[in-house]
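Chemist: Return a 3D structure for these sequence lines:
(one chain, ligands or ions: 1)
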Amino acid sequence: MNEQQINDIRNDFPILSEKIYNKDLIYFDNGATTQKPRSVVEKIEQGYYHTNANIHRGVHFLSQKATEAHEEARSIVANFLGTDKKEEIIFTRGTTEAINLIAFSYGEAYCSEGDEIVVSVMEHHSNIVPWQMLCERKKMTLRVIPANEAGELDMTAYQNMLNERTKLVSVMHVSNVLGTINPVADIIKLAHAQNTPVLIDGAQAVPHIAVNVKELDADFYVFSGHKIYAPTGIGVLYGKENWLNAIPPYQGGGEMISTVSFKKTTYNELPFKFEAGTPDYIGSTALAEALKYVLNIGIDKIADYEHQLMMYATEELNKIQGMRIIGNAQNKSSVISFLVNDIHPYDIGMLLDKLGIAVRTGHHCAQPLIDSLGIPGTIRVSFAFYNTKAEIDVFVTALKKVVTMLS
Ligand code: PMP
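Modeler: Down below sits the predicted model:
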């Protein structure tokens with residue numbers, strides 16, 4: 001992408017022109033949430049101003065319009081993930097809800113005492129705690145794939161872990177701390193060799209790299225809208241049709257039923273079986289708009305540009321004395337975690353903030369990983385396609401100043 005293109009893109013994101021403490025905002029916290037382009041915000045406004053009505057149950061004009069928009073959004077998401085079955089797309093509140101849905105519904109149907117679930121050491125809390133809760137309910141064991149020094153999963157240990165009691169493998173596609181792009185196709189292949197289904201947490205992957213659930217052969221794939229330029233409160237669970245049909249509903253209520261009586265209630269077909277209550281039908285259309293925005297730039301172009309940003313920032317950061325980058329995988333996305341000498345991450349983050357630079361500090365909802373590394377947390381910068389090398393230069397200069405102050 002050339003400078004003109006980046007400038008045009010930046011103009012689509014009004015917040016990027018904000019001043020923070022009278023300084024130009026540099027937003028390097030895209031792993032936590034992304035900023036929204038005008039087209040997405042306008043889609044929300046248009047929905048509420050012109051086509052707002054509850055969906056799927058009204059005979060009137062507005063209800064039909066809103067229903068069509070919501071279902072068209074589902075088709076756009078299906079297409080984005082590479083499935084031609086839109087009933088395989090369930091709208092959720094986000095990654096967290098999608099994982100909880102599977103932990104509950106799959107767990108109820110397929111897991112029992114003595115069974116095992118496999119996750120990795122680098123998982124986000126949202127891909128640990130729902131499985132711990134399942135293990136507690138059913139007296140099962142959680143197994144953990146370790147990682148090496150560089151932040152890459154130990155595939156031999158993983159392979160050795162799989163056995164006839166393994167009921168599900170749930171791993172992240174891209175680490176929100178280390179930036180590692182995990183070999184999920186291989187992880188899935190190994191699990192399938194013994195008929196174990198796999199859930200992939202794609203929260204940090206879909207905004208940055210091309211994902212095709214059919215090519216990966218993932219059984220479940222989940223992500224959050226707000227990390228891919230869409231609003232908060234909307235997310236996606238992709239599930240293979242046969243799995244979604246085989247597992248029970250997660251929540252009961254309106255929409256998810258076919259008939260209700262006090263004797264017996266029957267459930268709706270996919271995808272509605274998993275969408276109890278009024279869904280976020282404005283959020284779904286805004287998510288579709290965000291995906292269109294991403295596709296319009298081109299996901300490979302985005303991946304390439306963000307990789308350049310990551311490589312450039314890594315090079316510049318490594319020039320700082322006492323710099324320790326946490327996560328040096330061969331295959332890495334646009335996330336950089338680091339520490340400088342023994343300065344506490346929080347102190348660096350606070351001072352960078354005063355200079356208008358938004359970074360993340362702490363354990364990044366991956367406490368077991370941080371503990372395993374024996375560090376207090378990290379400072380994390382995570383890039384999006386609207387960031388620039390010029391911003392990285394300002395950040396590195398600011399960081400040098402901050403480090404001198406704190407040393
Ligand atoms: N998984 C990963 C890898 C994440 O980075 C995050 C968000 N930081 C989540 C899951 C949880 O996403 P959400 O809070 O949107 O449900």
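
Chemist: ok, then the element right after the host helix or strand of residue 76?
Modeler: Per DSSP states H and E, residue 76 falls inside helix 61-81. Following helix 61-81 in sequence order, the next helix or strand is strand 89-92 (DSSP H and E).

Chemist: Let me see the confidence value for the most centrally placed residue in the chain.
Modeler: What sits nearest the mean C-alpha location of the chain, by Cα atoms, centre = their mean, is residue 203, with 1.0 Å. On pLDDT, residue 203 comes in at 98.

Chemist: List the contacts of it.
Modeler: Contact partners of residue 203, counting by Cβ atoms under 8 Å, 6 or more residues apart in numbering, are 95, 124, 172, 176, 222-224, 227. For the C-beta atoms, the positions are set from N, CA and C on the backbone; glycine is no exception.

Chemist: among those residues, which are in reach of the ligand?
Modeler: Filtering those for proximity to the ligand by Cβ under 6 Å from any ligand atom leaves 95, 124, 172, 176, 224.

Chemist: Tell me the residues of the chain that contact the ligand?
Modeler: Counting by Cβ under 6 Å from any ligand atom, the chain comes close to the ligand at 94-96, 124, 126-127, 172, 176, 201, 203-204, 224, 365.

Chemist: Which of those fall in strands?
Modeler: Of the residues of the chain next to the ligand, the ones assigned to strands by DSSP state E are 172, 201, 224.

Chemist: Buried residues in stretch 331-349, which are they?
Modeler: Neighbour counts over stretch 331-349 (16 or more other Cβ atoms under 10 Å) mark 332-340, 343, 345, 348-349 as buried.

Chemist: and the end-to-end length of it?
Modeler: 26 Å (Cα to Cα, to the nearest Å).

Chemist: same thing with stretch 250-261?
Modeler: Terminal residues of stretch 250-261 are spaced 19 Å apart (Cα to Cα).

Chemist: And the contacts of that stretch?
Modeler: 56, 100-101, 104-105, 249, 265-269, 272-279.

Chemist: what's the host helix or strand of residue 288 packed up against?
Modeler: Per DSSP H and E: residue 288 is located in helix 281-297. Packed against helix 281-297 by the contact rule (3 or more Cβ pairs under 8 Å, 6 or more residues apart in numbering; DSSP states H and E) you find helix 38-50, helix 61-81.

Chemist: quick one: that helix to helix 38-50, angle?
Modeler: Interaxial angle, helix 281-297 versus helix 38-50 (axes from the mean of the first three to the mean of the last three Cα atoms, to 10 degrees): 150 degrees.

Chemist: Please save the CA atoms from helix 281-297 in PDB.
Modeler: Output of helix 281-297 as PDB, limited to C-alpha atoms (Å, rounded to 0.1, in the frame of the first residue of the first chain):
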ATOM      1  CA  TYR A 281     -29.400  -7.300  13.900                       C
ATOM      2  CA  ILE A 282     -27.900  -3.800  13.600                       C
ATOM      3  CA  GLY A 283     -24.600  -5.100  14.800                       C
ATOM      4  CA  SER A 284     -24.700  -7.900  12.200                       C
ATOM      5  CA  THR A 285     -25.200  -5.500   9.400                       C
ATOM      6  CA  ALA A 286     -22.400  -3.300  10.700                       C
ATOM      7  CA  LEU A 287     -20.100  -6.300  10.900                       C
ATOM      8  CA  ALA A 288     -20.900  -7.200   7.300                       C
ATOM      9  CA  GLU A 289     -20.000  -3.600   6.400                       C
ATOM     10  CA  ALA A 290     -16.700  -3.900   8.200                       C
ATOM     11  CA  LEU A 291     -15.900  -7.100   6.400                       C
ATOM     12  CA  LYS A 292     -16.700  -5.400   3.100                       C
ATOM     13  CA  TYR A 293     -14.300  -2.600   4.100                       C
ATOM     14  CA  VAL A 294     -11.500  -5.100   4.800                       C
ATOM     15  CA  LEU A 295     -12.200  -7.100   1.600                       C
ATOM     16  CA  ASN A 296     -12.200  -3.900  -0.400                       C
ATOM     17  CA  ILE A 297      -8.600  -3.200   0.700                       C
END
